[in-house]
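>>> can you look at this prediction? I've put the sequence above it.
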Amino acid sequence: MAVFLALRCLPTLWRNFGGFSPSEIHVATDSQVALSWLISGTIVSRNLFARNRLKDIQQMSAELEATLGFSPSFRYVSTTENPADLITRGLTLKRFKACLQFWCTGRDWLSSGIRPWAAQLLPCLSQHSQVVARSSWNAAILQGEEPPTVLPLERFSSFTKLLRVPSLVLRFIHRLRRLEVYTERLAAILLMKTMQRQRYAEELAFLRDSSGRTILGLVRDLDLFIDGEGLIMSGSRIARSLHFDPEVKHPVLLAKDNPVTRLIIRDAHTRCQHLGVESTLAELRRCGYWVAKRRPAVKTVLASCALCRKYNARQVLPPPQCGHLACFTC
């Protein structure tokens, strides 16, 4: 609700300050749960009020982007940095007089240009959301609007080699910002999110807003949902089991006819020592992937495996030796 009120007040503040043109807008909150909702664009809750407020925030962010050319960035600050908590949590008059300067002007970093969110601990957020919350990326990237990949996916022979290029780029960017993150996982998330937006745009729109709409067949059959990192995940009958890892219980949905999916299948086929279709499917599930129409997709990739074709080819034997044939003369 606080973020909603902050965005609602922004146009009024902009007009009262003479219509200046800011270069960036940061909206800070002391709620890590609310920040995760803002970054992923989804709410893992049945609270209708919270869902409606998130839609309003996204709409107001779009209006600000149309007016100013950029959307606000959402950040996290500790509750000790929030002057509003002085009143809401209650304090004595003596304590309030001691904190009067903090109540009137806030912390010094508001006017000094220091960004305190770069060093904040965010255990409630996913790794990708932590990177976004600490960096200077725009909020449009948070909503999953990053541009489509420019990598020639067909030129890579393995999923590991494909991850190497964006990982090096992300590692260079994060070193400039003095951030330590697992860039390979972040690169894989960005590639899969791009693929899902291209192949499952209708399912993604339904999962973000399903009010008054008929449930889609794929969403119903696979029990799809959006996780905290913005990926479309699949539920299963073993989701309530305590004996499986989270990636096994809720695998990532992959499109069968995408170059990234083919590289992932080829990588799983290599790791299971070039065994058959069933072993490759089991390895995919163990690694946390669910391919739509998975069996035909795996068969197509295995049919192009040069090593399997070499050792599975039938050996051509010479014809059996025949006895001496009689010579016929005319």
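Noted; the coordinates are in hand. Numbering: from 1, shown residues only.

>>> distance of the closest residue to Ile264 other than its chain neighbours relative to Val252?
Nearest residue to Ile264 in three dimensions, chain neighbours excluded: Phe159, at 5.2 Å (C-beta to C-beta, 6 or more residues apart in numbering). Quick note: C-beta positions are derived from backbone N, CA and C, even for glycine. Phe159 sits 13 Å away from Val252, going by C-beta to C-beta, to the nearest Å.

>>> between those two, which one's more packed in?
When Phe159 is set against Val252 and neighbours are counted by other C-beta atoms under 10 Å, the residue ahead is Val252, at 23 against 20.

>>> what bridges to that one?
With DSSP bridges applied, Val252 shows beta-bridge pairing to Met233, Tyr289.

>>> that one: what's it in contact with?
With contacts defined as C-beta atoms under 8 Å, 6 or more residues apart in numbering, Val252 is in contact with 192, 231-234, 288-290.

>>> equivalent analysis for Thr270, please.
Listed by C-beta under 8 Å, 6+ apart, the contact partners of Thr270 are Ser158.

>>> output the below-cut-off pLDDT ranges for this structure.
Low-confidence segments of the chain, defined by pLDDT under 70: 18-21, 40-47, 70, 112-151, 174, 176-182, 314-330.

>>> can you tell me how far Tyr195 sits from Leu263?
If you look again at residue 195, you'll see it is Met, not Tyr. The gap separating Met195 from Leu263 is 11 Å, by C-beta to C-beta.

>>> now find how far off-centre stretch 207-226 is within its chain.
18 Å (C-alpha atoms, centre = their mean, to the nearest Å).

>>> one step back: next one: the residue nearest to Ile264 from Lys299, what distance?
19 Å.

>>> which residues in the stretch 151-300 of the chain form strands?
Per DSSP state E, counting those that start in this stretch, the stretch 151-300 of the chain carries strands over the ranges 224-226, 232-234, 252-254, 289-291.

>>> so Lys55 touches Ser211, yeah?
No. With contacts defined as C-beta atoms under 8 Å, Lys55 does not count as touching Ser211, sitting 9.4 Å away.

>>> overlap in contacts, the two.
Between them, Lys55 and Ser211 share no contacting residue, judged by C-beta under 8 Å, 6+ apart.

>>> what about those two, which has more around it?
Looking at Lys55 and Ser211 with other C-beta under 10 Å, you find the greater number of neighbours at Lys55, namely 15 against 8.

>>> continuing past the helix or strand harbouring that one, what's the next helix or strand?
For Lys55, the enclosing helix or strand under DSSP states H and E is helix 48-68. The element immediately downstream of helix 48-68 (helix or strand, assigned by DSSP H and E) is strand 73-76.

>>> who does that following strand touch, helix- and strand-wise?
For strand 73-76, the contact count by 3 or more C-beta pairs under 8 Å, 6 or more residues apart in numbering; DSSP states H and E identifies strand 26-29, helix 32-40, helix 127-134, helix 139-142 as packing neighbours.

>>> the first one pairs with which strands?
Partner strands and pairing direction for strand 26-29 (DSSP bridges) are strand 73-76 (parallel).

>>> can you give the distance of the partner strand from its chain's centre?
17 Å.

>>> for stretch 235-251, same thing?
Average the C-alpha atoms of stretch 235-251, do the same for its chain, and the two points are 19 Å apart (C-alpha atoms, centre = their mean).
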